[in-house]
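*Asks:* Just to be clear, the model below is a prediction. Sequence and coordinates:
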Amino acid sequence: MSQLSERPEKPAVGLSLPHESAGLHVTGAALYTDDLVHRTKDVLHAHPVQVMKARGRITALRTAPALAVPGVVRVLTGADVPGVNDAGMKHDEPLFPDEVMFHGHAVAWVLGETLEAARLGAEAVEVDIEELPALVSLEEAIEAGSFHGARPVMTTGDVDAGFADSAHVFTGELRFGDQEHFYLETHAALAHIDEAGQVFVQSSTQHPSETQEIVAHVLGLHSHEVTVQCLRMGGAFGGKEMQPHGFAAVAALGARLTGRPVRLRLNRTQDLTMSGKRHGFHARWRIGFDADGHIQALDATLTADGGWSLDLSEPVVARALCHIDNTYWIPNARVEGRIARTNKVSNTAFRGFGGPQGMLVIEDIMGRCAPLLGLDPAELRERNFYRHGQTTPYGQPVLAPQRIAAVWQQVQENAGVADRRREIAAFNAAHPHTKRGLAVTAIKFGISFNLTAFNQGGALVLIYKDGSVLINHGGTEMGQGLHTKMIQVAATTLGIPLHKVRLAPTRTDKVPNTSATAASSGTDLNGAAIKDACEQLRARLLQVAATQLGSHACDVRIVEGVARGIGSDKELAWDDLVRTAYFQRVQLSAAGFYRTEGLHWDAGTFSGSPFKYFAHGAAVAEVEVDGFTGGYRTRRVDIVHDVGDSLSPMIDIGQIEGGFVQGAGWLTLEDMRWDAGDGPHRGRLLTRAASTYKLPSFSEMPEEFHVTLLENAAEEGAVYGSKAVGEPPLMLAFCVREALRQAAAAFGAPGTAVELASPATPEAVFWAVQAARESTAARDGLTGTQALSGA
């Protein structure tokens, strides 16, 4: 194995440990950005001036009434910006806009001695606008030809020839919804200025370096004049990769203009109405199969709802195209991507980053087409799995397709699929008004940023004279357990107990130019950087130990905090070794760095090998559907997931369970609704609270839930043989949606093909059940009432 993958004797990685802040979380002692307000003196509070129209040109902005409100200190407008009035990396997101682009767009911010004073001041600001036509739905934008950003096209093989050789050709469309992040901690920032004019921002951000960059250019400063720190986040899921920058910039601008700390925290309604969501998509497709059910050709157009600005829509669409194949070899393909511009919040990253959207399209195709081909959906899927020697439509070889078959076979064995299919058939035959369905789906998810430059990580590791170790790295902690794994990596590399290692909050003045903690790459990049820094330190310490032990450095091992020479009884405790090294003037700090090798990507031709490796998994779900209401329950879920050689099994299993449930929420429950009518509230988000936006809860959890990590799966070339786990499990939830399709189809005759909306809410399932019944009724000459009664 490579040096990066090989594990030493008695490693700390591989141990099942609780999250490093678990105790703080459950006791309420964990500090988040907004908690720091109570430890800061003379804080001002920021409140947005929101315009409740979907689109309009600002013709007047009168702030004087707000300044007359007791407790209001200042109103921030575009005229106050000393640098660039923009909060985005594409320079299309004015921080203080002169045109309202979505319902609830903030056009100014009020600073007050209290939050209530700021709120009343914001209400007092007078804004006149000239209303303009707004495009609210994705369908409206497509019809109007409203698009922005790149329009990539992915091609492979000869699509026309592929369709000509196809025995069966099907066409279809799929419209599936966006998804709210609904992290527990809303967007928050706290900024202050020190005596030298240095700007310090505490921000709930997944990308401190980019937050630093945006704050600097808004204030007209250089990056070395701005420091951003992220203690931890109370959830993020991609929603804090780009979107925190503007909020941090507002707080920093207020602090710079007033000389006082400024706190900005959105309440839940503001967060829902002002921040972006997962991109909803529309897909139009045409697919060809040969007589045996092998895919011959695919022609598809994927349109993402980007909202009012680009944000991260271009890479989201790129990743969607790169994942439309999922686990299936498509020899001839043409897939176009485009971004619709609508008058809604700017949609952004969300766990999976376009991958789930692309994969949903092909999984929907397989589920819809299997009955039309006379095949069981699981059989159709398996027939099309990647084999050795095959490449993706964008040209990357799939080097370990045996992993797909391994998780697929193991999950079916674990779940007892064959026996349960027979039990389900017997149940369905005996119950005309309740049906069960079972489905198996698999995933292949590419790990790395599509933009090659982002695939780098840095770390700073400090050893103190008493033997204690402090590590800094560029990744951020949002509850996913990254910091836990980094402590384990450092302890393993240095050969010391875990209690010797502490991790410092993520700060831009410790590790510069970091990439976002995103794309499931946080452990790969930062773990490898920490390992690099620790290896530098260990090499220095081995030289010191060798002189003390009378051995050669290459024969010294540090295990569990004790240095020993091979074949010698002499030993040297870690603390003594470090103290000796200090007196010998050996450097006890090191900066580590890692860049992912072997990546290349040509955005122009949409081809290359953008991913370090693929993560695999498979899942089986069984559901039960009520034919009268469409209501359903998930009876059982079994998962086998490939995380390589796990760094921290308890953390990884938690990520798999959480990702799966979040995916099931997107696919079956979470139905975002916007007012698309022509009334005065056109463009308003209707599902703006937990009372109207249905989130997964205990009642939606599988009644039985079994998660297994694939064994003997060490990944060559990744830190200690591990693989990413953050995003891939979300897509395992496809099996729930496909099981619902199977159950709905069971209300019809055998072989009934069912189209199922996404999210597959009980209402959507009810209509799918009705369609299955009516299809059978039409065939058998029954009335609609007879079909509904099961006659």
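*Replies:* Yep, it's here.
*Asks:* what comes up buried for stretch 333-353?
*Replies:* Buried residues in stretch 333-353, defined by neighbour count with 16 or more other C-beta atoms under 10 Å: 333-353. Quick note: C-beta positions are derived from backbone N, CA and C, even for glycine.
*Asks:* Just the ones of these in helices?
*Replies:* Judged by DSSP state H, helices contain none of these.
*Asks:* taking those one by one, which sit in strands?
*Replies:* Among those, DSSP state E puts 333-341 in strands.
*Asks:* So what pairs up with the residue lying closest to Q412 once chain neighbours are set aside in the strands?
*Replies:* Using C-beta to C-beta, 6 or more residues apart in numbering and skipping the chain neighbours, the partner closest in space to Q412 is V440 (6.2 Å). Partner residues in beta bridges with V440, using DSSP bridges, are V620.
*Asks:* switch to numbering from 35
*Replies:* Happy to do that; since the first residue is 35 now, the last one works out to V474.
*Asks:* From V451, how far off is V474?
*Replies:* Between V474 and V451 the distance is 7 Å, computed by C-beta to C-beta, to the nearest Å.
*Asks:* Of these two, which one has the most company?
*Replies:* V474 (23 against 17; other C-beta atoms under 10 Å).
*Asks:* Now do the same for the longest helix seen in the chain: mean pLDDT, whole number.
*Replies:* In the chain, with assignment by DSSP H, the single longest helix is helix 556-583. Throughout helix 556-583, pLDDT has a mean value of 98.
*Asks:* elements contacting the helix or strand that that helix is followed by?
*Replies:* Downstream of helix 556-583, the first helix or strand assigned by DSSP states H and E is strand 590-593. Under the contact definition 3 or more C-beta pairs under 8 Å, 6 or more residues apart in numbering; DSSP states H and E, strand 590-593 sits against helix 556-583, strand 596-599.
*Asks:* if I look at V474 and V451, which residues touch both of them?
*Replies:* With contacts taken as C-beta atoms under 8 Å, 6 or more residues apart in numbering, V474 and V451 have V654 as neighbours in common.
*Asks:* can you list the weak-confidence ranges in this structure?
*Replies:* 35, 815-825 (pLDDT under 70).
*Asks:* What strand or helix carries the closest residue to A434 other than its chain neighbours?
*Replies:* Nearest residue to A434, sequence neighbours excluded (C-beta to C-beta, 6+ apart): F648, at 7.2 Å. Following DSSP H and E, one finds F648 within strand 647-660.
*Asks:* From the centre of the protein, point out the most distant residue.
*Replies:* What lies farthest from the middle of the chain is G584; by C-alpha atoms, centre = their mean that is 51.4 Å.
*Asks:* From what I see, that residue and D603 are in contact.
*Replies:* No. In this structure G584 lies outside contact range of D603 using C-beta atoms under 8 Å: 11.1 Å.
*Asks:* Identify the residues contacting the nearest residue to V432 once chain neighbours are set aside.
*Replies:* Closest residue to V432 apart from its sequence neighbours, by C-beta to C-beta, 6+ apart: Y420 at 4.5 Å. For Y420, the contact set (C-beta under 8 Å, 6+ apart) comprises 361-363, 432, 435, 438, 478.
*Asks:* Show me the strands paired with the helix or strand L332 falls within, marking each as parallel or antiparallel.
*Replies:* Per DSSP H and E, L332 falls inside strand 329-341. Using DSSP bridges, the strands paired with strand 329-341 in its sheet are strand 315-323 (antiparallel), strand 367-375 (parallel).
*Asks:* Pull the residues that contact the last one.
*Replies:* To tie it back to what came earlier, the one meant is strand 367-375. Contacts for strand 367-375 (C-beta under 8 Å, 6+ apart): 169, 172, 175-176, 180-191, 193, 331-342, 344, 347-348, 351-352, 354-355, 358-359, 427.
*Asks:* Just the buried ones from those residues?
*Replies:* Applying 16+ other C-beta under 10 Å to these flags 169, 172, 175-176, 180-184, 186, 188-191, 193, 331-342, 344, 347-348, 351-352, 354-355, 358-359, 427 as buried.
*Asks:* between the helices and strands packed on strand 590-593, which gets nearest to T205?
*Replies:* helix 556-583 (39.5 Å; C-beta to C-beta).
*Asks:* Hmm, L583 is touching R598, no?
*Replies:* Yes. Using C-beta under 8 Å, L583 is in contact with R598, at 7.3 Å.
*Asks:* quick one, which of those two is more surrounded?
*Replies:* L583 (21 against 18).
*Asks:* Show the contacting residues for the more buried one.
*Replies:* 590, 597-599, 602, 604-606.
*Asks:* What backbone torsions are found at the spatially closest residue to T486 that is not a sequence neighbour?
*Replies:* In this structure, T486 finds its nearest non-sequential neighbour in L633, 4.9 Å apart by C-beta to C-beta, 6+ apart. Backbone geometry at L633, expressed as degrees, to the nearest 10, gives phi -100, psi 140.
*Asks:* and the longest helix of the chain, which residues are buried?
*Replies:* Neighbour count says helix 556-583 has 556-572, 574-576, 578-580, 582-583 buried, by 16+ other C-beta under 10 Å.
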